[in-house]
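In: predicted model, plus sequence, below.
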Amino acid sequence: MSVSLECRKVKRTGFLPVFFGGGILAAAVPVSNMAVRSEMYLNQPGSPIRILLGANWQMMAMLNMLLAVSGTCLLYHTEYADNAMQKMTSLPVRESSVFLSKAVLTIFMSLFVLVLEAGAVAFCSYHWFETGSGFWGELCKCFGYSLLLMLPCIILSLLISEACRNMWISLGIGVICVFTATMLPTADFALSLFPFAMPFQIFPGTDMARSAHYICGAAAELAVCGMAQLILVKVRRCFA
């Protein structure tokens, strides 16, 4: 199952408009905040990226996760709507390859959203702050780090959507997980490893050892989600 086929499928859904509209909304957060309350941030110590992400990233990260949750729900809703998943078991197609294609598509669209947000942060930095020579390198590191920490959230959202035939159940679970993550104490490292809590972390101002631990934690969670998806497929085939 190729990613191009998944792209043709989503033309019948609101998947692409959700990410386009949500990406623009998330990118507008730092711009609107600086336009209204710039005097609160101009005299703060630190790099422009650290100041901007510290002030706006909680809202931006929550929007990113809500986009991932709603997008994955839409992807699997099309599969269950006309019993396509049941028909697929009679075809020479591996369900894991379908899952992987949907994951690649969702990750690509999440990257698109992060690029829009990076552009907004760059605009705010140049318009309201003085930027140094290492600005672009720092910007790429920050949003690359954010993408890595979003991967477990995306894959787990896909796994939940694959497990639930009813889109509203998977959407409800995802939204509950997102808002539960907002209430977890960020200082507690163990709790912050919750897949829906890690995207709230920012790279500037974080100890390098702690950042490396988050990256290792994200890799471990991806491996666990991959194994869980394989088990889900085998169990569902046994009871189909």
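Out: Good, I have the coordinates. Residues are numbered from 1 along each chain as shown.
In: next structured bit after the worst-scoring helix or strand of the chain on mean pLDDT?
Out: Lowest mean confidence among the helices and strands of the chain (mean pLDDT, DSSP states H and E): helix 84-88, at a mean of 60. Note on helix 84-88: by DSSP states H and E, the next helix or strand toward the C-terminus is helix 95-128.
In: how distant is that next one from the center of its chain?
Out: 8 Å (C-alpha atoms, centre = their mean, to the nearest Å).
In: immediately after that helix, which helix or strand?
Out: Sequence-wise, the next helix or strand downstream of helix 95-128 (DSSP H and E) is helix 135-163.
In: pull the number of nearby residues for Pro45.
Out: As a burial measure, Pro45 scores 6 neighbours (other C-beta atoms under 10 Å). Yep, even glycine has a C-beta here, placed from its N, CA and C like the rest.
In: for it, helix, strand, or coil?
Out: Three-state call for Pro45 (DSSP: H, G, I helix; E, B strand; the rest coil): coil.
In: now it: how far from Glu130?
Out: 13 Å (C-beta to C-beta, to the nearest Å).
In: got it, and Glu6?
Out: Glu6 is 44 Å from Glu130, by C-beta to C-beta.
In: show me the shaky parts of the protein.
Out: For the chain, applying pLDDT under 70 flags the ranges 1, 82-95, 239-240.
In: the more surrounded of Glu6 and Glu130?
Out: Between Glu6 and Glu130, Glu6 has the larger neighbour count (other C-beta under 10 Å), namely 20 against 8.
In: for Phe194, which three-state class applies?
Out: For Phe194, the assignment made with three-state DSSP gives coil.
In: phi and psi next, for the closest residue to it other than its chain neighbours.
Out: Once flanking residues are discounted, Phe194 sits nearest to Ala181: 5.9 Å by C-beta to C-beta, 6 or more residues apart in numbering. In terms of degrees, to the nearest 10, the main-chain angles of Ala181 are phi -60, psi -30.
In: Ala181 - how many residues pack around it?
Out: Neighbours around Ala181, by other C-beta under 10 Å: 22.
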